[in-house]
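# have a look; sequence and predicted model below, questions after that.
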Amino acid sequence: MNREFQEQVAGKGDNSFASCFHCLSCGAGCPAIELMDWRPNQVIRMIQRGMKKEVLESRTIWICIGCFNCLDQCPNRVDIPSLMDTLRHMAIEEGVRVPEPGILAFHKEFLRQVSNRGRVFEVGLMMRYKLATRSFFQDMGTGVRMMLKGRFQLTPGRVENPREFKEKLGGSS
């Protein structure tokens, strides 16, 4: 086995995937499992086998919605959402072609907003996402219903001390 990729992933953040014993509980609770090309435990096995190209090019790392159902189901508390986030960042850093460009556009805008404001302004996020993907009216009805129910703020909020927040993020913008 090629341990280089495994060590590279483990060295980025809190990625304690070594305790996974492939019980499949993570996939049983995943609401997006049908859209993935690999089950979460299969991604872990591929990391352990050094299959860097296959992992970073997979749809799974982009399809994961970070709902934490997998973490709740896992008897060893393997933090798969954190792992998927690490793999997404590695794919971006390495210039890997993302099989889900719409999700990449959303991901980049989300991170940009958090970096600039300390939180997400949902209306602005969706407007920029729609501009990036050119899917202007695809889910307009849902957006209007959410706005009518007060689920979107009409003006952007900020954290109290954005400079301190940016320092905690490592000064990234």
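Ah, there it is.

# residue furthest from the geometric center of the chain?
No residue in the chain sits farther from the centre than residue 148, which is 27.8 Å out by Cα atoms, centre = their mean.

# now the longest helix along the chain: average pLDDT?
Assignment by DSSP state H gives helix 101-117 as the longest helix of the chain. For helix 101-117, the mean pLDDT works out to 81.

# tell me the buried residues in it?
For helix 101-117, burial by neighbour count (16 or more other Cβ atoms under 10 Å) applies to 103-107, 109, 111, 113-117. The C-beta positions use only the backbone N, C-alpha and C, and glycine is treated the same way.

# how is the most centrally placed residue in the chain assigned, secondary-structure-wise?
The residue lying closest to the centre of the chain (Cα atoms, centre = their mean) is residue 85, at 4.5 Å. Secondary structure, DSSP: H, G, I helix; E, B strand; the rest coil: residue 85 is helix.

# next one, pLDDT for it please.
90.

# wait, which of the buried residues of helix 101-117 is closest to residue 52?
Using Cβ to Cβ, residue 104 is the member of those that sits closest to residue 52, with 18.6 Å.

# would you state the helices of the protein in chain order?
Going by DSSP H, the chain shows helices at 3-10, 25-28, 40-48, 52-56, 60-63, 69-73, 80-93, 101-117, 122-133, 140-148, 162-168.

# now tabulate the ones you listed in a markdown table and tack on distance to residue 17.
Formatted as a markdown table, the helices of the chain follow (distance: least, Cβ to Cβ, whole Å):
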| stretch | distance to residue 17 |
| --- | --- |
| helix 3-10 | 7 |
| helix 25-28 | 11 |
| helix 40-48 | 5 |
| helix 52-56 | 11 |
| helix 60-63 | 13 |
| helix 69-73 | 12 |
| helix 80-93 | 6 |
| helix 101-117 | 21 |
| helix 122-133 | 30 |
| helix 140-148 | 34 |
| helix 162-168 | 25 |
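
# what's the neighbour count on residue 139?
Residues near residue 139, counting by other Cβ atoms under 10 Å, number 12.

# is it true that residue 71 touches residue 64?
No. Counting by Cβ atoms under 8 Å, residue 71 sits too far from residue 64 to count as a contact (11.3 Å).

# which one of those two has more residues nearby?
With neighbours defined as other Cβ under 10 Å, residue 71 and residue 64 compare such that residue 64 has more, 24 against 16.
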